[in-house]
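Novice: with the sequence up front, the predicted model follows.
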Amino acid sequence: MSREPTIVIIGAGIAGIATAVTLQRAGFRELTILEKGADVGGVWHWNRYPGLACDVPSQLYQFSFAPKPDWSSVFAPGAEIQQYLRDVVDRFGLDRYLRLNAEVVSAEFTGAGWCVVAADGRRWEADFLIAATGVLHHPYTPPIPGLDTFGGQVAHTARWDDRIEVRGRRIGVIGNGSTGVQVVSALQPEAAEITHFVRTPQWVMSVPTTLRQPELIGRLLSARPGLNRRLYDVLLRGSGILADVATRPSWRRRLVQAYARWSLRFQVRDAQLRRRLTPDYQPLCKRQVISGSYYRALRADNARLVTSPIDAVTTGGVRTADGAETALDVLVLATGFHAHNYMRPMNLRGRDGVSIDDVWAKGPRAYRMTAIPGFPNFFTVLGPNSPTGSILLQYSAELTARYIVKWLKRFRDGNIDTVEVTEEATTSFNDDVAAALGPTVWNTGCDSWYLTDEGTVDLWPYDRKTMTAMLSEPDDRDFHVTPAR
Ligand code: NAP
């Protein structure tokens, strides 16, 4: 007996597109992709703040199945990445499966499959449900007293409003993660004054992030696909250094950390400013910030660094603990995300009505990033413990999608009706991960969005080879399957 599984994928960002193309190429056609945004791209659709770019080289920040040789820059701007993702959707004909403006509010396992409901009441039935809902998805707005009384314009970077006038204005930016650093660098030349409110200094590694990619390179790589492929392979292998330095203490880690320290020393000569910009934790512990322009922007005459804690936002600006008030026209919140929500606050209910909120009461938890006990025929792509700090996300998403394909094929071939990971396998995986996270740099005593409320590190502690091995073939001992009736 052979039957086509119906599959709903939630999310049309990098994870969702990687999944849809992988499934389609494996012959699955009964797909529905539900995307709450008005276009595809995930973070690259939602984020439009000035200075948005990707600090991963673009020749690497792409799907293996959709090489793009002709990026404009070594680190492409956000709009170009979003356009690339749109082009991939067009090129692979994903539009036929795609439902935009479809925010999933509820997904329940019915005993045989899934019933998915969108905010506007539309419903879908599916044999399998795949959550590709992303990590940096729900903007975090800190509960600063008086924020709602501010008389100027205020925007979270992840919900930037193009009508915000920045030229010649007095701009305040709260937050100095990768986003805050990009936005300060971009706005400083335009602003009358720019004030960067920094609660915890970050290491900012000097990398020439504004380098253009010579057109000739794009033309050469377009004409020689084999060479382009080899370049991608070399870069992918080279990127292994990230997982290496992050997960294992070694001279290589110390060398990279020394470079981060040197970046600050070399670029900020003013000892007092440098002292205020010096973190009290190891480089790489938080998501490493990379910039070729931030320190220069901060040294400009119209830029000011404020490290006194924020007491309140007033109608006219920001008041800090030292009693000073900074008058502002525009307040930018580069304050990050609720990074551990994943598909929540969706009402996700698995076998016997168990809810994800209950199952994850002590923090997000999955088996090998993709399967959750109690949730049959359900997979996550870039789910808990995904390697957001160390391994290329496109690689991880494609690998996970191929793993899911193996289960879908068994359904199609009439071998199984349902598959659900066991509690034992999930516990054992999570115990191993917790032990392996011990020597990682993320665990060296800083506060970062990698940490869950329970204090665990929500990252992947292994290298790419280990990830590939773990997701190459399902291990039946780790799953309950119900044979096809
Ligand atoms: P983030 O790294 O979580 O940084 C949030 C910032 O807001 C921190 O500096 C935090 O300070 C500050 N903050 C939060 N609440 C505050 C408060 N009440 N008062 C003062 N400061 C407050 O967020 P993000 O910069 O948006 O970056 C998130 C992730 O997105 C990055 O780590 C990266 O993975 C990704 N990203 C990537 C790129 C790229 O180029 N690939 C670009 C942008 C973002 P504390 O440190 O004191 O908490």
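Specialist: Happy to help now that I have it.
Novice: what residues does this protein have near the ligand?
Specialist: Contacts of the chain with the ligand, taken as CB under 6 Å from any ligand atom, map to 53-56, 136, 142, 144, 174-180, 182, 197, 199-200, 287, 310, 334-336, 388, 447, 449. (Each C-beta comes from the backbone N, C-alpha and C, glycine too.)
Novice: which among the residues you listed end up buried?
Specialist: 53-56, 136, 144, 174-180, 182, 197, 287, 310, 334-336, 388, 449 (16 or more other CB atoms under 10 Å).
Novice: can you pull the phi/psi pair for the closest residue to the ligand within the stretch 351-485 of the chain?
Specialist: Residue nearest to the ligand within the stretch 351-485 of the chain (CB to the nearest ligand atom): residue 449, separated by 4.2 Å. With angles defined as degrees, to the nearest 10, residue 449 sits at phi -70, psi -10.
Novice: so what's it up against?
Specialist: Applying CB atoms under 8 Å, 6 or more residues apart in numbering, we find residue 449 in contact with 177, 286-287, 336-337, 339.
Novice: tell me the pLDDT at it?
Specialist: Listed pLDDT for residue 449 reads 97.
Novice: give me the element residue 379 is part of.
Specialist: strand 378-380 (DSSP states H and E).
Novice: so what strands line up beside that strand?
Specialist: strand 128-131 (parallel) (DSSP bridges).
Novice: pLDDT averaged over the partner strand, what's the number?
Specialist: Average pLDDT, strand 128-131: 98.
Novice: just the CA trace of the biggest helix by length in the chain, in CSV.
Specialist: The longest helix of the chain (DSSP state H) is helix 393-412. Only the C-alpha atoms of helix 393-412 are listed here, as CSV (Å, rounded to 0.1, in the frame of the first residue of the first chain):
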residue,chain,number,x,y,z
LEU,A,393,21.6,27.2,10.1
GLN,A,394,20.8,26.3,6.4
TYR,A,395,22.9,23.1,6.8
SER,A,396,21.2,22.1,10.0
ALA,A,397,17.7,22.8,8.6
GLU,A,398,18.4,20.8,5.4
LEU,A,399,19.8,17.9,7.4
THR,A,400,16.9,17.8,9.7
ALA,A,401,14.5,18.0,6.8
ARG,A,402,16.2,15.0,5.2
TYR,A,403,15.9,13.1,8.5
ILE,A,404,12.1,13.9,8.5
VAL,A,405,11.9,12.7,4.9
LYS,A,406,13.0,9.2,6.1
TRP,A,407,9.9,9.0,8.4
LEU,A,408,7.6,10.4,5.7
LYS,A,409,8.8,7.7,3.3
ARG,A,410,7.9,5.0,5.8
PHE,A,411,4.4,6.5,6.0
ARG,A,412,4.2,6.7,2.2
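Novice: that older thread, who's in contact with the strand holding residue 379?
Specialist: By CB under 8 Å, 6+ apart, the list of residues contacting strand 378-380 reads 109, 114, 128-133, 342-343, 350, 366, 369-372, 400, 404, 407.
Novice: quick one on the thing from earlier: of the residues of the chain next to the ligand, which belong to strands?
Specialist: Among those, the members falling in strands (DSSP state E) are 174, 197, 310.
Novice: excluding its backbone neighbours, what's nearest the first one?
Specialist: Translated: residue 174. Closest residue to residue 174 apart from its sequence neighbours, by CB to CB, 6 or more residues apart in numbering: residue 197 at 4.6 Å.
Novice: of the residues of the chain next to the ligand, which belong to helices?
Specialist: 178-180, 182.
Novice: picking that back up, I'd say the residue nearest to residue 174 and residue 306 touch.
Specialist: Yes. Look at residue 197 against residue 306 with CB atoms under 8 Å: they come within range, at 5.0 Å.
Novice: what do the two both touch?
Specialist: Common neighbours of residue 197 and residue 306 (CB under 8 Å, 6+ apart) are 318, 320.
Novice: can you show me the helices along this protein?
Specialist: 14-25, 43-46, 78-91, 178-187, 215-223, 225-238, 240-247, 251-267, 271-277, 294-299, 356-359, 393-412, 423-437, 464-470.
Novice: got CSV for those helices, with mean pLDDT too?
Specialist: Output for these, formatted as CSV (pLDDT from 0 to 100):
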stretch, mean pLDDT
helix 14-25, 98
helix 43-46, 98
helix 78-91, 98
helix 178-187, 98
helix 215-223, 97
helix 225-238, 96
helix 240-247, 97
helix 251-267, 98
helix 271-277, 97
helix 294-299, 97
helix 356-359, 97
helix 393-412, 98
helix 423-437, 98
helix 464-470, 98
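Novice: check contacts around residue 484.
Specialist: Per CB under 8 Å, 6+ apart, neighbours of residue 484: 1, 411, 414-417.
Novice: neighbour-wise, give me the winner out of these.
Specialist: residue 411 (23 neighbours; other CB atoms under 10 Å).
Novice: excluding its backbone neighbours, what's nearest that one?
Specialist: Residue 411 sits nearest to residue 5 (CB to CB, 6+ apart), 4.8 Å away.
Novice: just the pLDDT at the one you found, thanks.
Specialist: 98.
Novice: how near is it to the ligand?
Specialist: For residue 5, the distance to the ligand (CB to the nearest ligand atom, to the nearest Å) stands at 33 Å.
Novice: that residue reaches residue 28, doesn't it?
Specialist: Yes. Using CB under 8 Å, residue 5 is in contact with residue 28, at 6.8 Å.
Novice: what touches both of those two?
Specialist: With CB under 8 Å, 6+ apart as the test, residue 5 and residue 28 both reach 408, 412.
Novice: hmm, back to that, how far is the strand holding residue 379 from where the chain is centred?
Specialist: 17 Å (CA atoms, centre = their mean, to the nearest Å).
Novice: stretch 339-353 now?
Specialist: 18 Å.
Novice: if we can go back for a sec, could you save the ones in helices among the residues of the chain next to the ligand as a markdown table and add columns showing distance to residue 247?
Specialist: Below are those laid out as a markdown table (distance: CB to CB, whole Å):
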| residue | distance to residue 247 |
| --- | --- |
| 178 | 20 |
| 179 | 25 |
| 180 | 26 |
| 182 | 26 |
